[in-house]
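*Asks:* Got a predicted model here, sequence first, then my questions.
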Amino acid sequence: MKKIHVVPVISTAAISVAVLFGGWAIYNQVAVAAPLEEAIADVPGIVNSAKPNMSKEQVTIDVTLSQDANLREIYHSIILNGEDVIGSRELKLDVLNESNKELDDYWYQALFEVAEAMENKSYSDIPLALDAAAKENPAIQATTEMDENNVYITLRSGDAVKFIVLPRTPAQMGVWENA
């Protein structure tokens, strides 16, 4: 019987693993992430974006938006421009806000009623809840929009802006980490 040489076997296995994972990483960058990054760069309202983080279920992108950005249109544009890459995965934008204490306090004041409206699927109550909170601070402008997947809320006060995306499926809501 021949004696198996351990060093060549381990070396061959290590080289094979490195080539396979290296090839997968290059494919992921060139064929998947790069086209999506290009699609994101063409969307008006996005000032800066990080490299997309992709899993089997969702695509997550950190973005910085301009003051006058329309969050619903940005979502729609990214999904439309990147549909070949995104496919059936959920798109999740982590918006880096330029919020302030005034906007945060306003949001927390309206949050209970907004959460209740989301849970009961009475989405038309969301603008009413935001308007009720605005009575105490009329300097804040609140805009709400909705599509088949999310409710988009934009709060503005001077140079500060807070973008909030609430998923419309209650089972996926959990804690709104992007609020």
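*Replies:* Perfect, I can see it now.
*Asks:* Is the residue sitting nearest the centre point of the chain bridged to anything, and to what?
*Replies:* Nearest to the mean C-alpha position of the chain, by C-alpha atoms, centre = their mean, lies residue 93 at 1.3 Å. Residues in a beta bridge with residue 93, per DSSP bridges, are residue 61.
*Asks:* Also the one 5 residues further on?
*Replies:* Residues in a beta bridge with residue 98, per DSSP bridges, are residue 161.
*Asks:* Is it in contact with residue 161, as I believe?
*Replies:* Yes - judged on C-beta atoms under 8 Å, residue 98 makes contact with residue 161 at a distance of 5.7 Å. From N, CA and C alone the C-beta is placed, and that goes for glycine too.
*Asks:* So, low pLDDT: which residues of this protein?
*Replies:* Low-confidence segments of the chain, defined by pLDDT under 70, are located at 1, 25, 27-33, 170-179.
*Asks:* Who are the packing partners of the top helix by length along it?
*Replies:* Secondary structure of the chain per DSSP state H: the longest helix is helix 6-27. For helix 6-27, not one helix or strand is in contact under the criterion 3 or more C-beta pairs under 8 Å, 6 or more residues apart in numbering; DSSP states H and E.
*Asks:* Please export the C-alpha coordinates of that helix as CSV.
*Replies:* What follows is helix 6-27, C-alpha atoms only, in CSV (Å, rounded to 0.1, in the frame of the first residue of the first chain):
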residue,chain,number,x,y,z
VAL,A,6,-0.6,14.8,4.0
VAL,A,7,1.0,18.0,2.9
PRO,A,8,0.1,17.7,-0.8
VAL,A,9,-3.5,16.7,0.0
ILE,A,10,-4.0,19.7,2.4
SER,A,11,-2.3,22.1,-0.1
THR,A,12,-4.6,20.9,-2.9
ALA,A,13,-7.7,21.2,-0.7
ALA,A,14,-6.7,24.7,0.4
ILE,A,15,-6.0,25.9,-3.1
SER,A,16,-9.3,24.5,-4.4
VAL,A,17,-11.2,26.2,-1.6
ALA,A,18,-9.4,29.5,-2.3
VAL,A,19,-10.1,29.3,-6.0
LEU,A,20,-13.8,28.4,-5.5
PHE,A,21,-14.5,31.2,-2.9
GLY,A,22,-12.4,33.7,-4.9
GLY,A,23,-14.3,32.9,-8.0
TRP,A,24,-17.6,33.3,-6.2
ALA,A,25,-16.5,36.6,-4.7
ILE,A,26,-15.4,38.0,-8.1
TYR,A,27,-18.7,36.8,-9.7
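*Asks:* residue ranges of the strands in this protein, please?
*Replies:* Per DSSP state E, the chain carries strands over the ranges 46-49, 53-54, 58-65, 90-95, 141-146, 150-157, 160-167.
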